[in-house]
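Q: What follows is a predicted structure for the sequence shown.
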Amino acid sequence: MKESTCHIPHHRINAKDVLSVQAGEIRYAPAKSLWFIGMSAAAVIGGLLNYSHGAFVLFLLSTATVLLFGHSLGSHRKLIHDSFACPVWLEYLLVYLGVQVGLAGPIGLLRQHELRDYAQRMPDCHDYLRHGSSFWVDAWWQLNCELHLQDPPQIHIEARIADDRFYQFLEKTWMLQHALVAPIFYSLGGWGYVFWGVCARISVAVFGHWLIGYFAHGQEEIQGQMHYEVRGAAVQGRNVAWVSLLTMGECWHNNHHAYPGSARLGLQDGEWDPGWWVLMLLQKMGLVSNVKLPDDLPFRPELYRYTGQSLTVVRQDKPLTVTVPKMPLQACERVV
């Protein structure tokens, strides 16, 4: 049996062994499927029949807002990775905007993320968790189905989140939260504003979340830039540079696999990271503190950096240079 090489402390997953994320069955999920298909159909049909420039502008502004402040800052960098500190009211606001993305409730999204991240750090995992099938098969799986593992690992969410009444409320009512926004948009511009401001926004956000995940994790022929390698992991994240602004910096997935607790995702020069820019602004305003960067995170012995034509492993006694077998990328140096 292959052993885990993951050295990230305080992980929320408790598994018997690495096989717990390998064996399972993919089943059709009616609620998940109908949610995405229904929103997409309403966006296409209703959006075309009720198009206006104002409705399209609302779509652009509302989508950018929930992706930047909600998904990137609220759901991902704060709730999931706790990579910065902020007042409770600001955290609630950011996470609420994350619910408006339309993926899931805050606790459900956290559980999905923890399982997938844990599985990808293992030596092997189910194709569903690694985006390991073909483009169209993976699209069907991720947008319409769920994975039921035979012996799923236990996911322990800290009481600060799991027992929070606001998060519990959002978890139970996350779909209904969009119905609360719809009347506001209707009062501003009629049904066109509803179809574009709610249905189109949700459809694009959900589809885009899967699409970027596929390109950042998928098959070997989909090659994105890599600065780091997590040795022994089933999946190496890739940076998808051409969507840096569209994803609010979430596209720097190779960096994120290397330093999942970092509040900054674009780590190299020229890696645009709007989420990081906003965090810096909030920090200057005194609303954000304790911002975590790679240097603040624990040492990971499985993490290497690509630097040249050979692999340098830094040891206590002396460096050891070895040949990198079957590596179509640059060689890498141990991060210390």
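A: It's in. Numbers count the residues shown, from 1 in each chain.
Q: residue ranges of the helices in the chain, please?
A: 30-41, 47-49, 53-65, 88-99, 106-121, 127-130, 135-144, 159-162, 165-173, 176-189, 191-194, 201-217, 253-258, 274-284 (DSSP state H).
Q: what angle separates the first one from helix 201-217?
A: The one in question is helix 30-41. Interaxial angle, helix 30-41 versus helix 201-217 (axes from the mean of the first three to the mean of the last three C-alpha atoms, to 10 degrees): 110 degrees.
Q: Same question for the last one.
A: The directions of helix 274-284 and helix 201-217 differ by 110 degrees, with the same axes, to 10 degrees as the criterion.
Q: can you check the third one too?
A: Angle between the axes of helix 53-65 and helix 201-217 is 40 degrees (criterion: the same axes, to 10 degrees).
Q: rewinding a little: please identify the most buried of the helices of the chain.
A: Stretch with highest mean neighbour count among the helices of the chain: helix 253-258 (a mean of 24; mean count of other C-beta atoms under 10 Å). Glycine gets a C-beta too; all of them are placed from N, C-alpha and C.
Q: Alpha carbons of it, as PDB, please.
A: What follows is helix 253-258, C-alpha atoms only, in PDB (Å, rounded to 0.1, in the frame of the first residue of the first chain):
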ATOM      1  CA  HIS A 253      -3.200  26.600  -8.700                       C
ATOM      2  CA  ASN A 254       0.300  25.200  -8.900                       C
ATOM      3  CA  ASN A 255       1.300  27.900  -6.400                       C
ATOM      4  CA  HIS A 256      -1.800  27.100  -4.300                       C
ATOM      5  CA  HIS A 257      -0.900  23.400  -4.200                       C
ATOM      6  CA  ALA A 258       2.500  24.300  -2.900                       C
END
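Q: tell me what that helix is packed against?
A: helix 201-217, strand 228-230 (3 or more C-beta pairs under 8 Å, 6 or more residues apart in numbering; DSSP states H and E).
Q: strands paired with the shortest one, and their directions?
A: Strand partners for strand 228-230, identified by DSSP bridges, are recorded as strand 303-306 (antiparallel).
Q: could I have the partner strand exported to CSV, CA atoms only?
A: Only the C-alpha atoms of strand 303-306 are listed here, as CSV (Å, rounded to 0.1, in the frame of the first residue of the first chain):
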residue,chain,number,x,y,z
LEU,A,303,7.7,20.3,-1.7
TYR,A,304,10.2,21.0,-4.5
ARG,A,305,10.9,24.1,-6.7
TYR,A,306,11.7,24.0,-10.4
